[in-house]
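J.: I need the structure of the sequence given here:
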Amino acid sequence: MSNSDSAAQVQSVDRAISVLELLAQGEAGITEIAGELGVHKSTVSRLVSVLEARGLVEQLGERGKYAIGFGVVRLAGAATGRMDLTKLGQPVCQTLADSFGETVNIAVHDAGVAINITQARGSAAVSAVNWIGQRTPLHATSSGKILLAHLDLDERKRLVSLPLDSYTENTVVDAETLLAELEQVAAQGFAACFEELELGLHAVAVPVRGHRGEVVAAMSASGPSYRLSRERVEQIVPTMSSAAADLSAQLGYFAG
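T.: Numbers count the residues shown, from 1 in each chain. Below is the predicted model:
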């Protein structure tokens, strides 16, 4: 592709976005849009046709003006859902953190890593690290394993087949071993990591589901190994699962 072709495509995308921004302010016809953008009506017609085919704009009547389509609502819903997750998840995390005395986080999958979007610290938390916005490896964290375990199989296999960093001697980097563990995670409903990301750190996570039942996030509790022992991890899983179910219900999911 030549530089001129590439520049033309970028310009088309920019104009399409301008059309959406214009229609977000109210209905408009082809002539009006062309005038606002300073382009020929045939250019606007082509742009609007593509946007209409994608459901991003719709024509009001057979020869009427154009308005924002419901496809935009669908796209906005994805962002809104994540914002709702952060807002609704914070008090849930704080309640658990107060109960356990540990740090509780919510993380989502993004481009092959887990990103923490919510955090609450309990009274006994020994670390002042702010994990919000931090990118953590999927294979070496309890949240990451929850997120991996609920991806479709092909994507799960692709991600675990990539070169995996070893953070401690306990980090699982063998693809087959990890895949087997992820199957168990999906079956049992929680994931645990014992000194896999850093020595002395234990963590356990449970899934949070969106309104369609898909896993949209993982909620984890982490703490020092001397306090968050393997036995205590098993003890707090039911409380975490119940809290995650409550949060999932707030997001629109109700288990059958």
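
J.: any regions of the stretch 1-150 of the chain where pLDDT drops low?
T.: For the stretch 1-150 of the chain, the stretches with pLDDT under 70 are 1-6, 62, 73-83, 124-131.

J.: how about the strands of it, start to end?
T.: Using DSSP state E, counting those that start in this stretch, the strands of the stretch 1-150 of the chain run over 57-59, 66-68, 103-110, 113-121, 135-137.

J.: just read off the phi/psi values of the spatially closest residue to Val215 that is not a sequence neighbour.
T.: Leaving aside its chain neighbours, Val215 sits nearest to His150 (3.8 Å; criterion: C-beta to C-beta, 6 or more residues apart in numbering). The C-beta positions use only the backbone N, C-alpha and C, and glycine is treated the same way. Per-residue torsions, His150: phi -110, psi 10 (degrees, to the nearest 10).

J.: reformat the strands of the stretch 1-150 of the chain as JSON lines; add mean neighbour count and distance to His40.
T.: Shown next, in JSON lines, are those (neighbours: other C-beta atoms under 10 Å; distance: least, C-beta to C-beta, whole Å):
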{"stretch": "strand 57-59", "mean neighbour count": "19", "distance to His40": "18"}
{"stretch": "strand 66-68", "mean neighbour count": "19", "distance to His40": "17"}
{"stretch": "strand 103-110", "mean neighbour count": "24", "distance to His40": "40"}
{"stretch": "strand 113-121", "mean neighbour count": "22", "distance to His40": "43"}
{"stretch": "strand 135-137", "mean neighbour count": "15", "distance to His40": "45"}
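
J.: quick one: which of those is nearest Gln94?
T.: Closest to Gln94 of those, according to C-beta to C-beta: strand 113-121, at 4.1 Å.

J.: send me the closest one as CSV with only the CA atoms.
T.: C-alpha atoms of strand 113-121 as CSV (Å, rounded to 0.1, in the frame of the first residue of the first chain):
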residue,chain,number,x,y,z
VAL,A,113,-2.2,-9.5,30.3
ALA,A,114,-4.4,-8.9,33.3
ILE,A,115,-5.1,-5.2,34.2
ASN,A,116,-6.2,-4.3,37.7
ILE,A,117,-9.1,-1.9,37.7
THR,A,118,-10.2,-1.9,41.4
GLN,A,119,-8.3,-2.3,44.7
ALA,A,120,-9.2,-2.3,48.4
ARG,A,121,-6.7,-2.8,51.2
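
J.: for it, packing partners?
T.: helix 70-100, strand 103-110, strand 135-137, helix 142-149 (3 or more C-beta pairs under 8 Å, 6 or more residues apart in numbering; DSSP states H and E).

J.: ok so, going back, now distance to Gly35 too, for the strands of the stretch 1-150 of the chain, in TSV please.
T.: Formatted as TSV, the strands of the stretch 1-150 of the chain follow (distance: least, C-beta to C-beta, whole Å):
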stretch	distance to Gly35
strand 57-59	17
strand 66-68	14
strand 103-110	40
strand 113-121	42
strand 135-137	45
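
J.: low-scoring pLDDT stretches of the stretch 151-256 of the chain, where are they?
T.: Short version for the stretch 151-256 of the chain, where the test is pLDDT under 70: 255-256.

J.: roughly how far does the most centrally placed residue in the chain sit from Glu214?
T.: Nearest to the mean C-alpha position of the chain, counting by C-alpha atoms, centre = their mean, stands Val108 at 3.9 Å. With distances taken as C-beta to C-beta, to the nearest Å, Val108 is found 12 Å from Glu214.

J.: and if you look at Leu37?
T.: In terms of C-beta to C-beta, Leu37 sits 38 Å off from Glu214.

J.: more neighbours: which of those two?
T.: The neighbour comparison of Leu37 against Glu214 (other C-beta atoms under 10 Å) goes to Leu37, with 16 against 10.

J.: got the contact list for Glu214?
T.: His150 (C-beta atoms under 8 Å, 6 or more residues apart in numbering).

J.: list phi and psi for it.
T.: The phi/psi pair for Glu214 (degrees, to the nearest 10) is phi -80, psi 150.
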